[in-house]
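K.L.:
Just to be clear, the model below is a prediction. Sequence and coordinates:
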Amino acid sequence: MPPLPAPVPPPQAGRAGWSLRSKTVGLLLAATAVILLAALLIGIRVAEDIRENLGTALARNHAQLTKQRILSAVGREMALAQRFAESTVLREWMTGEQDAAKTERFFREGEGFRRAFADQAYFAALASSRHFYFADPQAAPRAAMRYTADPANPDDAWFFATLKSSQGYSLNVDYDKKLQVTNVWINIVVRDEGERPIGIAGTGLNLSRFLSNVLANRETGVVTMVLDQNGAIIAHPDPRQIAYATAGNQNIEKTIYRLLERPADKEALRRTLVAAASDEGEGTPTLRLKLEGAPSLAAATYIPSLRWTVLTAVDLNTSRVFDAPLITALALGSLLLLALLVGLYTAGLNRLVLAPLAALTAAVQRIGAGHYGERLRSNRGDEIGELTRAFDTMAQQVRAHSENLERLVDERTRELADAHRKVTDSIRYASLIQHAILPDRALKADLQGQYFVLWRPRDVVGGDFYLYRSATGQCLFGVVDCAGHGVPGACMTMIAHAALEVALGDTPWQDPAALLQRTDQVARGMLPGDDRSRQIATSMDMGLCHVDLERRLVTFAGARLGLFWSDGDNCEEIPGHRRGVNDRRSGSYDNAQVPLAAGRTFYLVSDGLLDQAGGDQGYGFGARRLAAWIRAHAHLPLAEQKSALLEEIQAYQGPLAQRDDITLLAFRFDDQR
């Protein structure tokens, strides 16, 4: 490594003076920041108070204005409807509906009232017959009987509720399905000389025009609505919020309280509505609440003659309670104040601090980008000069370290590349050796079209291999799954293959259980039995099938590997013994026999396929899924089965990685030799 450059000592002259100046500038900046922060907080508080006061005034003005509009629109109609209900001609007709003369006099007088009403319409409903008459410009000059009120019909509940009302009238917003109109209905109880209710008379105001005339408002963020004594919304700019048919309805859902989330707001609004009603319309109490999720200022005023309450809510976030000139004046004042304060120290800060720091920052950024040849020189005796020279020293040290690291990295990279090439070549050579022990040539020569093998190591080499031996009138199939995968697993396959070769040489093939027992004995003799080796997994799972072609019999024995077989309609499994070969404890193995029927397919499979994760939940492929696949595909030619199984595994595995080595050996003898 080259020697590092010696650090350059900073000059000492003038340090105290420049340090004092830096402290003075720092104190000035701190004081200015405190003043600006205090002014900002005070300004925000003052602006908030002004906005709240203006919002309260705006809410009160809109509530009072809407009240006057309602009194102008509804009050006139209600007074005229009261006179109509007190008409002697109307009373005589309601007590003698079948009298033609009384009916004619009523229609003539009703026509005069009809033309006087704002919507040029009136109605009259008789308590005796429950007949409902309605007159409008289309029916003039005679009213027509439109329907008969039914106590069982919820749409007619207003009629019976108004007759029983102690007030003598009701105001109801409702859509009359029979008349197909939505009105603000003014219902006046008609009484005879004995004060007995004999019917209801009145008129209606078209709801759309009523909302347009009474609740007309172009102020952004201002909403005015009309409530009855129970808080039901009688009128609202949004018709979807209106509670229709409130007369006689005890279960009203569309109330003002439904628009409030917090229980405290609901209780505060109830107290405010009570206070407004107690003032008999003279006062306009206000409150803060959160209406439909927006913080608002609300004002309420009561209309005694209608028993309605007008509520106006001002959304503080969207309403324009500040006038444009006021906003402009505040903004200009703030800008002038800021400009004055900034101008006092901008020039000094720019010359003493900002400009030198900007130059230093640019140089440091170039060094950070890898331009280590950059030199930072300064003749200043203050802190910025010292910082500049310190950065220059650091840059030279970083340059020296970087050059040395680059050289070391190049050397290590070449060494790693050479080592990687050697390891890769070794693994490829090991793969060739492992392929050499696989019986592909013998299988292809003896059993063309009568077998298929699916062998997919997880890595270049793996811990699985398959076995095939043949002699006159017999053959032996096997699948071996050694502990581990990759290079360790491949080394274990060499031991397993050697142990099997010894067993095949001195043990009858017709007894697969004896072959497994002999292989276990040989493997234990080949591997050390000390404590260190016991900590390493060296077990082997094996499944061996002996096929006696003359007797048409398959004999199977397995060490943790089972045998699946199928005739094409069902799938059976012969499980292997629970202990593997060279397991921690030795075990015994048993033979199982299955007839070698024509068309019957046998499958030896390692647990790498059964444990492969996939699907929606990431579970293993499993024996049940494999058995279902065998039942569906066992009738196919073996070459087609291999393609179908590959597609099934890939589809189930999806984007998940292969967990273990996968091996499946299938065979079938269709002929009767």
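P.N.:
Nice, thanks for sending it over. This is a predicted model, so every value here is computed, not measured. Numbering: from 1, shown residues only.
K.L.:
can you map out the strands along the stretch 201-350 of the chain?
P.N.:
222-227, 233-235, 286-291, 294-303, 308-315 (DSSP state E, counting those that start in this stretch).
K.L.:
Show me the shaky parts of the stretch 551-673 of the chain.
P.N.:
For the stretch 551-673 of the chain, residues meeting the criterion pLDDT under 70 lie at 671-673.
K.L.:
For it, just list every one of the helices.
P.N.:
Here the stretch 551-673 of the chain has its helices, by DSSP state H, counting those that start in this stretch, at 607-610, 622-633, 638-653.
K.L.:
need those in JSON lines with distance to Pro304 and mean neighbour count, can you?
P.N.:
C-beta coordinates here come from the backbone N, C-alpha and C atoms, glycine included. Listed next are the helices of the stretch 551-673 of the chain as JSON lines, based on distance: least, C-beta to C-beta, whole Å; neighbours: other C-beta atoms under 10 Å:
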{"stretch": "helix 607-610", "distance to Pro304": "85", "mean neighbour count": "21"}
{"stretch": "helix 622-633", "distance to Pro304": "79", "mean neighbour count": "17"}
{"stretch": "helix 638-653", "distance to Pro304": "78", "mean neighbour count": "15"}
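K.L.:
Of all these, which one is nearest Asn317?
P.N.:
Closest approach to Asn317 among the helices of the stretch 551-673 of the chain (C-beta to C-beta): helix 638-653, 53.8 Å.
K.L.:
Report the angle between the closest one and helix 622-633.
P.N.:
Counting by axes from the mean of the first three to the mean of the last three C-alpha atoms, to 10 degrees, helix 638-653 lies at 140 degrees to helix 622-633.
K.L.:
got the CA coordinates for helix 638-653 in CSV?
P.N.:
Listed next in CSV are the C-alpha coordinates belonging to helix 638-653 (Å, rounded to 0.1, in the frame of the first residue of the first chain):
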residue,chain,number,x,y,z
LEU,A,638,-45.6,-43.7,-21.0
ALA,A,639,-44.0,-41.0,-23.2
GLU,A,640,-47.2,-38.9,-22.9
GLN,A,641,-47.3,-39.5,-19.2
LYS,A,642,-43.9,-38.0,-18.8
SER,A,643,-44.8,-34.8,-20.7
ALA,A,644,-48.1,-34.5,-18.7
LEU,A,645,-46.3,-35.0,-15.4
LEU,A,646,-43.7,-32.3,-16.2
GLU,A,647,-46.5,-29.9,-17.1
GLU,A,648,-48.3,-30.7,-13.8
ILE,A,649,-45.2,-30.2,-11.7
GLN,A,650,-44.3,-26.9,-13.4
ALA,A,651,-47.8,-25.6,-13.1
TYR,A,652,-48.1,-26.5,-9.4
GLN,A,653,-44.6,-25.2,-8.6
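K.L.:
Could you list the residues in contact with it?
P.N.:
By C-beta atoms under 8 Å, 6 or more residues apart in numbering, the surrounding residues in contact with helix 638-653 are 449-454, 601, 609, 612-615, 621, 625, 629, 633-634, 636, 662, 664, 666-668.
K.L.:
Please compute how far that helix lies from its chain's middle.
P.N.:
36 Å (C-alpha atoms, centre = their mean, to the nearest Å).
K.L.:
Over to stretch 578-595?
P.N.:
Using C-alpha atoms, centre = their mean, the offset of stretch 578-595 from its chain centre is 53 Å.
K.L.:
Use 56 as the first number for this chain going forward.
P.N.:
Yep, numbering from 56; the last one is stretch 633-650 now.
K.L.:
Flag every buried residue along that stretch.
P.N.:
Buried residues in stretch 633-650, defined by neighbour count with 16 or more other C-beta atoms under 10 Å: 634-638, 644, 646-647, 649.
K.L.:
is it fair to say Ala180 lies in a strand?
P.N.:
Yes - under DSSP: H, G, I helix; E, B strand; the rest coil, Ala180 sits within a strand.
K.L.:
Make JSON lines out of the strands of the stretch 256-405 of the chain and add distance to Glu152, mean neighbour count and mean pLDDT.
P.N.:
Below are these laid out as JSON lines (distance: least, C-beta to C-beta, whole Å; neighbours: other C-beta atoms under 10 Å; pLDDT from 0 to 100):
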{"stretch": "strand 277-282", "distance to Glu152": "35", "mean neighbour count": "24", "mean pLDDT": "86"}
{"stretch": "strand 288-290", "distance to Glu152": "32", "mean neighbour count": "23", "mean pLDDT": "80"}
{"stretch": "strand 341-346", "distance to Glu152": "49", "mean neighbour count": "18", "mean pLDDT": "86"}
{"stretch": "strand 349-358", "distance to Glu152": "35", "mean neighbour count": "23", "mean pLDDT": "86"}
{"stretch": "strand 363-370", "distance to Glu152": "33", "mean neighbour count": "26", "mean pLDDT": "85"}
